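Engineer: Based on what follows, work out the 3D shape:
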Amino acid sequence: MSTAIAIVSGGLDSTTLAYLLHAEGYDLHLLSFDYGQRHRKELVFAERSARRLAAAFDIIDLSNIGTFLKGSALTDDIPVPDGHYSAPTMAITVVPNRNAIMLSIAYGVAVAEGAEIVSIGVHAGDHFIYPDCRPAFISAFDAMERTAVEGTGNPKLRLEAPFQHLSKGQIVRLGATLGVPFADTWSCYKGGEKHCGRCGTCVERKEAFREAGVVDPTEYEDSEYAPENPF
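Structural biologist: Presented below is the predicted three-dimensional model:
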């Protein structure tokens, strides 16, 4: 079997990505990253997915790096805003260069293991706020890494972001067909006992299940909160 290195956070998108790669027959090595984020709870859910899929799993400890990535509500002492995922206020949740940092490490692992692909679960809903989730970034990073690792690993090694043109609702629909245990995924940026239901990722999660026509099994602190999409 070909090996796939996948970046998995324990959230809905990356968990569906892992299930998709498993269904496609890849030998999986799932990587999660502790970069000092306040919602480390997600790492527990990532490991559960790895166990279900009998996949190799590692948490890369970058916890010290969070002290240098100031200005983000995910790594700094800044309140996580409530509101719609695509609202301009969500820019405070951007972690500088996060995907580039994680993907660079994933590529190093991929070369060492002779993997065929590195994969990440960015999707179309991420494009509003997060520059390192956009197709231009994915294309440019793939081109850069082809040069960076030329001749050192599997000649087929490439970056795949199969959800980059899909909405989160479409991902939910796909996940339902793959048997993804949505109740055992974590999206909330606040990391409480339950999903808060008010932060951008919780609002987006609710919308995705409604769009997909799939029952949302998530327990929210505030299940009624539904701000309008500013776009």
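Engineer: The longest strand anywhere in the chain - contacts with which helices or strands?
Structural biologist: Ranked by residue count, the top strand of the chain under DSSP state E comes out as strand 27-34. The contact analysis (3 or more C-beta pairs under 8 Å, 6 or more residues apart in numbering; DSSP states H and E) places strand 27-34 against strand 3-7, helix 12-23, helix 41-52, strand 56-61, helix 98-113. Bear in mind the C-beta positions are built from the backbone N, C-alpha and C, glycine included.
Engineer: Let's have these in CSV, adding distance to residue 159 and mean neighbour count.
Structural biologist: Formatted as CSV, the entries for the helices and strands packed on strand 27-34 read as follows, by distance: least, C-beta to C-beta, whole Å; neighbours: other C-beta atoms under 10 Å:
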stretch, distance to residue 159, mean neighbour count
strand 3-7, 10, 24
helix 12-23, 13, 25
helix 41-52, 20, 19
strand 56-61, 18, 15
helix 98-113, 7, 19
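Engineer: I'd like these as CSV, with distance to residue 73 and mean pLDDT appended.
Structural biologist: Below are the helices and strands packed on strand 27-34 laid out as CSV (distance: least, C-beta to C-beta, whole Å; pLDDT from 0 to 100):
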stretch, distance to residue 73, mean pLDDT
strand 3-7, 21, 98
helix 12-23, 19, 98
helix 41-52, 15, 95
strand 56-61, 22, 97
helix 98-113, 13, 96
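Engineer: Ok, which of those comes nearest residue 167?
Structural biologist: Among the helices and strands packed on strand 27-34, helix 12-23 comes nearest to residue 167, with 10.8 Å by C-beta to C-beta.
Engineer: what angle sits between the closest one and strand 3-7?
Structural biologist: Angle of helix 12-23 versus strand 3-7, following axes from the mean of the first three to the mean of the last three C-alpha atoms, to 10 degrees, is 170 degrees.
Engineer: Provide the contact partners of helix 12-23 at residue level.
Structural biologist: Applying C-beta atoms under 8 Å, 6 or more residues apart in numbering, the contact partners of helix 12-23 are 4, 6-8, 28, 30, 45-46, 49-50, 53, 55, 119-123, 162-163, 168, 171-172, 174-175, 178-180, 182, 185, 187, 205, 208.
Engineer: residue contacts, the closest residue to residue 60 other than its chain neighbours?
Structural biologist: Leaving aside its chain neighbours, residue 60 sits nearest to residue 33 (4.9 Å; criterion: C-beta to C-beta, 6 or more residues apart in numbering). For residue 33, the set of contacting residues under the criterion of C-beta under 8 Å, 6+ apart consists of 7, 9, 59, 60, 62, 102, 105.
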